[in-house]
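[1] Quick one: sequence plus predicted model below, questions after.
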Amino acid sequence: MSINLGIPAVRTRGEGNLFAHEKFPTAAKRELKNQQLRANLRHATHTIRDKRINVVSELPDWEDLRESGSRIKENVMARLPELLEQFEAAFTARGGVIHWANDATEANAIVTSLIRATGETEVVKVKSMATQEIGLNEHLESLGINAIETDLAELIVQLGHDRPSHILVPAIHKNRTQIRDIFRAEIPNASPDLTDNPKELAATARAYLREKFLNAKVAISGANFGIAETGTLGVVESEGNGRMCLTLPETLITVMGIEKILPRWEDLGVFMQLLPRSSTGERMNPYSSLWTGKNGQDGPQNIHLVMLDNGRTRALADKNGRSALHCIRCSACMNVCPVYERTGGHAYGSTYPGPIGAILSPLLTGITAEENSSLPYASSLCGACFDACPVKINIPEILIDLRAQDVEAQHSVRKAPTEMDVLMKGASWALSSGTRLKFLEKGLPAGRLLAGKDQRISWLPGIAGGWTSSRDIPAPPQSSFRDQWAQREKFQKSQGPQLFQQSQASPKPTGKQGE
Amino acid sequence: MVGAKEDILSRVRVALQGDAPVTDIPRDYRQSGTMNQEQLIDHLTDRLVDYKAEVKVVLATDLQGAIAEFLANARSVVVPHGLDAQWIAGVADADVVTDSSEAPVPVDQLNATDAVLTSSAVSVAESGTIILDGTPTQGRRAISLVPDQHVCVVPASTIVEILPEALPRLQPSHPQTWISGPSATSDIELERVEGVHGPRRLSVIIVEDA
């Protein structure tokens, strides 16, 4: 468990987009009113989850792959210092340059200075969670550098001055008509007759970005994997925008979290089976690019990598929550989550929405940072996310642990006990002694009185009103179980020992076994 | 940012203090396939067609003709310098330009080129994945990316059934492109559209040993 310094609601490590700025219940309530959003989300999450189940069931060794994936990641965490050094040596030997960043502020400054050194004011970008996490685009924009998102969904989000709402399909909350309107308004030379046919919309993006790709001098990417033994980086994508960015510009700047390391080349055999099937529900994504430093005239000549901490070492120090760092950003957990399906990604505030976001964001920032303490409660604990996770992150267990951390953190900053504290203290006092409980049970008839004629309690005061605001409590029984048991004993004794033995020896077959 | 590396590594070490090492990694997943070459060809074809690629399966003697058919409408074709010159010999009507590291074709010219013809290093039948590894028969990554049609030759002997079989056959130090169908997006209402930025037409020729 992390050490709590008792300073609530403070951004603990630099800038970026890891923070919920309002409590999840508040944000969720607003998002739930958006009917269009809920319809789009339901369609999208159900489509992807069905595809995923189909392609996963094709593999006879899926569970073996999950087990290997999970254990490889455990191994990576345990050997992280050594693997990072190994990766750096291999990457550097091939002409790459590594920069280390403690937090978002440092990472943004490094990327900025690398871009400035080229003299460029426009760069192309491959979709990347790490750069979103650190708020790189906003940072560059504030300094007059235009970072163009080239993934279609990210482009839609960027042109719509919007925020992504899903890890894999960031514009999942927009339908085709909304997208057409954004393109008509924002893409120079877009035809005013542009229809909402997805083929036409994709062709418009192609024409707009082709010119950018051919002229770009600098590209920015994330990385899905970094192989320690070879110094190789990998990006997995569908459209070819990744290949364009990774191949054509002179300078390539990659931002990667330190947890993305895999020890060996052969580990790709595990993760490149797990990732596409869990993510898009495809047997394989259309394009994957792997590069190891500089390679002659093939691809960029200046290769940089920013190794990002930004709270990862904090998460690593939480032994119960550490496995959240196993995440390969496939998004399978959000596609099966009943809470995500209804609220959508924006309600989570952070770059990482859904079940993984509910644990990852507070683990990276600390539970007391801004409103991230509300995120671990954004779950019904149904466990669907754990089942779907290709690297077996036990999300429900970590959610519960983080809730406990939140309760402890709340205690350490408050002097006066809350109503809940008083209730829990009272319950502990009553339930830890038979005599006390027996005494309190004498009050059951009072509860029946409160329930009134319809035998239901529909209103309770204070914090208990949270329960009765959405459900009734049935009237308590006339006497307690303890009393009923005592009555039964008394009755049997009065009937004499013979009858007692008989009833013990031969239970009557009723013909209704198993009911 | 001097010292950030030391800061990060020291925090990692503190975080890991007192942990038992994880040594045993189970690898019970399949390491090799069971299909014969005919089954591998069928399986790969099925997957590629599912991705909306065009596929021809031919004998080595018919390769030249198959290439010419796929490139019938191309006015210009780029090839990597290590490609067997015979392969392109049947393409009569197109301008053929050769790309190499020493004489790379400028990107604007690639953008004006209709098609590219390459070989491939390894293919994985189960996932329908063709892997290019930048060796002289496959060329620089840019040439198989910018033209709108990619005609890719897959020698049957280079097909394996599953991914773990493919990895030992690849050189990690070479830049690689793994291709599973033409460029595609599902970003608009999850409706799949083939052809965004990469080649919109992927034409695969699987060559059986004669």
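    Perfect, thanks for sending it. Numbering: from 1, shown residues only, chains lettered A, B, ... in the order given.
[2] who's in contact with A:Leu364?
    A:Leu364 makes contact with A:18, A:310-312, A:314-315, according to Cβ atoms under 8 Å, 6 or more residues apart in numbering or on different chains. C-beta coordinates here come from the backbone N, C-alpha and C atoms, glycine included.
[3] next one: B:Thr185
    Residues near B:Thr185 by Cβ under 8 Å, 6+ apart: A:152, A:202, A:238-239, B:192-193, B:196.
[4] Okay, and the beta partners of the one residue sitting closest to the centre of chain B?
    The geometric centre of chain B, computed from its C-alpha atoms, lies nearest to B:Ile131 (Cα atoms, centre = their mean), at 3.4 Å. In this entry, B:Ile131 is beta-bridged to B:Val122, B:Trp178, by DSSP bridges.
[5] My guess is B:Ser144 contacts B:Gly134. True?
    No: look at B:Ser144 against B:Gly134 with Cβ atoms under 8 Å: they stay out of range, at 9.8 Å.
[6] okay, the two: which has more neighbours?
    Set B:Ser144 next to B:Gly134 and count neighbours by other Cβ atoms under 10 Å in any protein chain shown: B:Ser144 wins out with 29 against 24.
[7] Could you report the distance from the more buried one to A:Gly240?
    The gap separating B:Ser144 from A:Gly240 is 10 Å, by Cβ to Cβ, to the nearest Å.
[8] Give me the common contacts of those two.
    Residues touching both B:Ser144 and A:Gly240 (Cβ under 8 Å, 6+ apart) are B:Pro199.
[9] where along the chain do the strands fall?
    You didn't say which chain, so I picked chain A. Secondary structure of chain A (DSSP state E): strands at A:97-101, A:122-125, A:146-149, A:218-221, A:225-227, A:232-237, A:251-257, A:261-262, A:287-291, A:302-308, A:456-457, A:473-474.
[10] meant chain B, my bad for not saying
    For chain B, strands defined by DSSP E occupy the ranges B:54-59, B:76-80, B:95-99, B:115-118, B:122-124, B:129-132, B:149-155, B:159-160, B:176-179, B:184-185, B:193-194, B:201-208.
[11] How about residues contacting the first one?
    Applying Cβ under 8 Å, 6+ apart, the contact partners of strand B:54-59 are B:41, B:45, B:48-49, B:65-66, B:69-70, B:201-208, B:210.
[12] go with 6 Å
    Contacts made with strand B:54-59 from outside it, assessed by Cβ atoms under 6 Å, 6 or more residues apart in numbering or on different chains, are listed as B:41, B:45, B:48-49, B:66, B:203-206, B:208, B:210.
[13] relative to strand B:201-208, how tilted is that strand?
    Per axes from the mean of the first three to the mean of the last three Cα atoms, to 10 degrees, the angle that strand B:54-59 makes with strand B:201-208 is 20 degrees.
[14] List the buried residues of strand B:54-59.
    Within strand B:54-59, the residues scored as buried using 16 or more other Cβ atoms under 10 Å in any protein chain shown are B:55-58.
[15] do stretch B:87-97 as well
    Those would be B:87-88, B:91, B:94, B:96, for stretch B:87-97 by 16+ other Cβ under 10 Å.
[16] List the contacts of that stretch.
    B:64, B:67-68, B:71, B:74-79, B:105.
[17] How many neighbouring residues does the closest residue to chain A within chain B have?
    Nearest residue of chain B to chain A: B:Gly198, at 2.7 Å (Cβ to the nearest Cβ). B:Gly198 has 29 neighbouring residues, counting by other Cβ under 10 Å.
[18] Return the residues in contact with the residue lying closest to it once chain neighbours are set aside.
    Spatial nearest neighbour of B:Gly198, excluding adjacent residues (Cβ to Cβ, 6 or more residues apart in numbering or on different chains): A:Gly240 at 2.7 Å. Remark: with contacts taken as Cβ under 6 Å, 6+ apart, A:Gly240 is in contact with A:287, B:183, B:196-198.
[19] The least confident helix or strand in chain B by mean pLDDT pairs with which strands, and in what direction?
    Using mean pLDDT, DSSP states H and E, strand B:193-194 stands out as the lowest-scoring helix or strand of chain B, at a mean of 87. Within its sheet, strand B:193-194 is paired with strand B:184-185 (antiparallel), according to DSSP bridges.
[20] So what sits opposite the closest residue to B:Gln176 other than its chain neighbours in the bridge?
    The spatially closest residue to B:Gln176, leaving aside those adjacent along the chain, is A:Leu290, at 4.3 Å (Cβ to Cβ, 6+ apart). In this entry, A:Leu290 is beta-bridged to A:Gly234, B:Gln176, by DSSP bridges.
[21] Relative to A:Ala216, which of the strands of chain B is closest?
    strand B:176-179 (18.7 Å; Cβ to Cβ).
[22] where are the low-confidence patches of the stretch 101-250 of chain A?
    For the stretch 101-250 of chain A, applying pLDDT under 70 flags no range at all.
[23] Where does it get nearest to chain B, residue-wise?
    A:Gly240 (2.7 Å).
[24] List the backbone torsions phi and psi for that residue.
    When read as degrees, to the nearest 10, the backbone of A:Gly240 gives phi 100, psi -10.
[25] Got a quick PyMOL command for the buried subset of the contacts of strand B:54-59?
    Entered in PyMOL, the line below selects the buried ones among the contacts of strand B:54-59, by 16+ other Cβ under 10 Å:
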select buried, chain B and resi 41+45+48+66+203+204+205+206+208
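[26] Save the contacts of strand B:54-59 as JSON lines, and put in distance to A:Ala190 and pLDDT too.
    Formatted as JSON lines, those follow (distance: Cβ to Cβ, whole Å; pLDDT from 0 to 100):
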{"residue": "B:Ile41", "distance to A:Ala190": "44", "pLDDT": "98"}
{"residue": "B:Thr45", "distance to A:Ala190": "39", "pLDDT": "98"}
{"residue": "B:Leu48", "distance to A:Ala190": "33", "pLDDT": "98"}
{"residue": "B:Val49", "distance to A:Ala190": "34", "pLDDT": "97"}
{"residue": "B:Ala66", "distance to A:Ala190": "39", "pLDDT": "97"}
{"residue": "B:Ser203", "distance to A:Ala190": "31", "pLDDT": "98"}
{"residue": "B:Val204", "distance to A:Ala190": "34", "pLDDT": "98"}
{"residue": "B:Ile205", "distance to A:Ala190": "38", "pLDDT": "98"}
{"residue": "B:Ile206", "distance to A:Ala190": "40", "pLDDT": "98"}
{"residue": "B:Glu208", "distance to A:Ala190": "47", "pLDDT": "95"}
{"residue": "B:Ala210", "distance to A:Ala190": "52", "pLDDT": "60"}
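[27] sorry, back to before: is it true that the residue of chain B closest to chain A touches B:Ala184?
    No: using Cβ atoms under 6 Å as the test, B:Gly198 is too far from B:Ala184 to be in contact (8.7 Å).
[28] Could you report the neighbour count for residue 46?
    Since no chain was named, I'll use chain A. By other Cβ under 10 Å, 14 other residues sit near A:His46.
[29] Let me rephrase: I mean chain B.
    Look at B:Asp46: counted by other Cβ under 10 Å, it has 12 neighbours.
[30] for A:Asn215, same thing?
    By other Cβ under 10 Å, the residues close to A:Asn215 number 13.
[31] Contact partners for it?
    Applying Cβ under 6 Å, 6+ apart to A:Asn215 gives no contacts.
[32] so how far is A:Glu250 from it?
    A:Asn215 is 11 Å from A:Glu250, by Cβ to Cβ.
[33] Now do the same contact list for A:Met77.
    Counting by Cβ under 6 Å, 6+ apart, A:Met77 touches no other residue.
[34] If we use 7 Å, what do you get?
    Taking Cβ atoms under 7 Å, 6 or more residues apart in numbering or on different chains, we find A:Met77 in contact with A:316, A:322, A:325.
[35] low-confidence ranges in the chain?
    This is for chain A. Counting by pLDDT under 70, chain A has low-confidence residues at A:1-14, A:496-515.
[36] should've been chain B
    Within chain B, the stretches with pLDDT under 70 are B:1-2, B:210.
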